[in-house]
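**Q** Using only what follows, build the 3D model:
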Amino acid sequence: MTVTIWHNPACGTSRNTLALIRASGEEPVVIAYQTDPPSRERLRELIAAMGITPRELLREKGTPYAELGLSDPSLTDDQFLDAMLAHPILINRPIVETPKGTRLCRPSERVLDLLDHPVAEFTKEDGEVVRAGGPSLG
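**A** Next comes the predicted model:
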């Protein structure tokens, strides 16, 4: 199985998702999207594969979202793409691609059903325990 993660090593959710993938026995292709951002066409492909809009992929927290006026309801998909390409930190993460689908994995356990052999139980960095097919345990 080929697994690709669009990763930000500074993000706890992204680190937990990467750890869940590796714990499943997969060694993913890791793309540090802030230093190696997708092309416009690739970003469109990812958004389409996730079945979301560019607006839904925008990250607000810790980004220039407000300064760029990205909450304006009149902005177009192309304007959101322009902003994400100019400021890759605006791309929410992590995005995981497998033969089973493409998904924004927030929270990180959203990756589990994209994997062939997900771990039955995993402890996140913050101590939260998640189980495949079950609720989080705290």
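**Q** ok, and for the helix or strand bottoming out on mean pLDDT in the chain, which residues are buried?
**A** Of all helical and strand segments in the chain, the minimum by mean pLDDT, DSSP states H and E falls on strand 129-131, at a mean of 88. Neighbour-count burial for strand 129-131, counted by 16 or more other CB atoms under 10 Å, picks out residue 130. From N, CA and C alone the C-beta is placed, and that goes for glycine too.
**Q** which other helices and strands contact that strand?
**A** Here strand 129-131 touches strand 121-123, going by 3 or more CB pairs under 8 Å, 6 or more residues apart in numbering; DSSP states H and E.
**Q** Given the strand it packs on, what are its sheet partners and their directions?
**A** strand 129-131 (antiparallel) (DSSP bridges).
**Q** Can you pull the poorly scored residue ranges out of this structure?
**A** Scanning the chain for pLDDT under 70 picks out 134-138.
**Q** Tell me which residue is most central in it.
**A** Nearest residue to the geometric centre of the chain (CA atoms, centre = their mean): residue 94, 2.1 Å.
**Q** my read: that one touches residue 13, true?
**A** Yes. Here residue 94 reaches residue 13: they are 6.7 Å apart, a contact under CB atoms under 8 Å.
**Q** Mutual contacts of these two, please.
**A** Shared contacts of residue 94 and residue 13, defined by CB atoms under 8 Å, 6 or more residues apart in numbering, are found at 105-106, 108.
**Q** Go through those residues and name the one nearest residue 77.
**A** residue 106 (20.7 Å; CB to CB).
**Q** residues contacting the closest one?
**A** Going by CB under 8 Å, 6+ apart, residue 106 touches 13, 92-94.
**Q** Thanks again, I'm all set now.
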